[in-house]
Structures are given as C-alpha cells and as structure tokens.
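Undergrad: quick one: sequence and predicted model below, then my questions.
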Amino acid sequence: MKEKFIELLKSIDREGVTELIAFIEKTDFFKAPASTRFHGDYEGGLVEHSMKVYEILKHKVETNIEPLDVKDETIKIVALLHDLCKANYYKVDYRNAKNALGVWEKVPYYTVDDTIPYGHGEKSVMMITEYMKLTPEEKYAIRWHMGYTEPKELYNTIGAAYKKYPLALLMHEADLEATYFYDI
C-alpha cells in the first residue's frame with residue numbers, strides 16, 4: 001500500500017511534493033495506526049485509511065448529483081494527506097491484561113504522544129504547507145474533514161465552509177464512510 005500511496009503523491013505536479021514525500025518517508029506514517037481504538041487501530045491502519053478515503057472521495061466527486069469541478073490532484077492531496085497530523089503521533093505502550101487462559105500478561109496498545117499540539121485538521125494543513133502550497137479549497141477540505149465532531153461552537157463555521165467549498169463536505173463524508181463502513 002505504501003508504494004501505491006507514494007505513486008499517487010508523485011503524480012501530483014506541484015512544487016514541493018518531492019520534499020513532502022521525503023518527509024513522510026522519514027516518519028512512521030506507513031506503520032502508524034489510524035486511531036488508538038476507533039478505526040484502523042493497527043499497524044499500517046493510517047495509510048490504509050488514507051487510501052480508502054481517496055477511493056471514496058474520488059467516487060463521490062465523480063458521481064455527485066451537482067457536478068463539481070475538482071482536479072484529480074486536489075482529490076489526491078486532500079484525501080491522502082488529511083490525517084498527516086497523525087504521523088509521529090502515536091506510540092506503543094504496555095498494560096496488563098488477562099489472556100485467554102486467565103493469566104495476566106503485558107500487552108501492547110497505542111497511546112497518543114502529541115509533541116505538536118496544534119489541533120487536527122489545521123495541523124495537517126500546517127504540516128503540508130511547510131513543503132507545498134495548497135489551494136483554499138484544499139485547506140478547507142483538510143481543515144474541516146472532522147465535520148461535526150468538532151466543538152459545537154464551530155458548527156456555524158463548519159457549515160459556512162461546506163457551503164463555500166462542497167469538496168470539504170464530501171471529504172468529511174468520505175472520512176466517515178472509511179471509518180464506519182470499512183472500519184479503517
């Protein structure tokens with residue numbers, strides 16, 4: 001899956017993408033989980049989740065009732081990089097749990113080690129823009145991909161973003177579908 005992910009990123013014709021790929025390869029992105037317990041909570045879950053979001057978002061844009069003029073490169077950037085903030089974010093820790101025989105043993109689990117506490121979507125935008133420019137539509141789609149799981153005080157802002165950039169709403173939907181329909 002790593003090879004396909006990198007191949008898709010390399011097909012993006014934008015200054016800085018090569019440096020961004022080099023950065024990603026130096027992180028744990030391809031081994032990281034997508035979450036600690038909600039979806040894709042296993043080694044490689046993050047890249048698998050990102051690839052599924054790409055597949056879903058591409059289909060949503062292509063089949064939307066109201067035609068959207070979204071470049072394929074934008075779909076790749078938004079879907080594949082929306083959770084870049086999770087690179088170097090999780091660590092493995094150990095806790096005691098009983099095994100099938102009722103014997104206590106140390107078992108690994110993922111925990112959060114957020115060394116750059118900058119938020120979620122906004123952190124991904126920040127990390128990407130350290131290497132390449134994003135269009136406003138791409139920034140909004142990545143920033144607001146968590147949708148209404150954000151604090152309720154932001155609901156009006158989220159709604160305004162979705163109205164201005166329909167891709168942001170489709171991105172949120174694709175993220176939810178990957179999470180809840182495919183558990184990745």
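TA: Looks like it arrived, so ask away.
Undergrad: tell me, what residue is most central in the chain?
TA: residue 83 (2.5 Å; C-alpha atoms, centre = their mean).
Undergrad: which ones are touching it?
TA: Neighbour list for residue 83: 34, 46, 49, 50, 124 [criterion: C-beta atoms under 8 Å, 6 or more residues apart in numbering]. C-beta here means a position set from N, CA and C on the backbone, and glycine is covered the same way.
Undergrad: so what's the residue count around the last one?
TA: This points to residue 124. 24 (other C-beta atoms under 10 Å).
Undergrad: what about it, which helix or strand?
TA: Secondary structure assignment for residue 124, by DSSP states H and E: helix 121-129.
Undergrad: pull out the buried positions in that helix.
TA: The neighbour-count check on helix 121-129 (16 or more other C-beta atoms under 10 Å) flags 121, 123, 124, 125, 126, 127, 128 as buried.
Undergrad: relative to the whole chain's centre, how far out is that helix?
TA: 11 Å (C-alpha atoms, centre = their mean, to the nearest Å).
Undergrad: all helices of this structure, in order?
TA: 2-10, 17-26, 45-63, 72-81, 121-129, 136-143, 155-164, 166-180 (DSSP state H).
Undergrad: before we move on, back to that, and the buried ones among the contacts of residue 83, selectable in PyMOL?
TA: Applying 16+ other C-beta under 10 Å to the contacts of residue 83 leaves a buried subset, and the PyMOL line that selects it is:
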select buried, resi 34+46+49+50+124
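Undergrad: now tabulate the contacts of residue 83 in CSV and tack on pLDDT and distance to residue 135.
TA: Converted to CSV, the contacts of residue 83 look like this (pLDDT from 0 to 100; distance: C-beta to C-beta, whole Å):
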residue, pLDDT, distance to residue 135
34, 93, 25
46, 97, 24
49, 97, 23
50, 98, 19
124, 97, 15
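Undergrad: in CSV: the contacts of residue 83, plus distance to residue 102.
TA: Shown next, in CSV, are the contacts of residue 83 (distance: C-beta to C-beta, whole Å):
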residue, distance to residue 102
34, 31
46, 34
49, 34
50, 39
124, 43
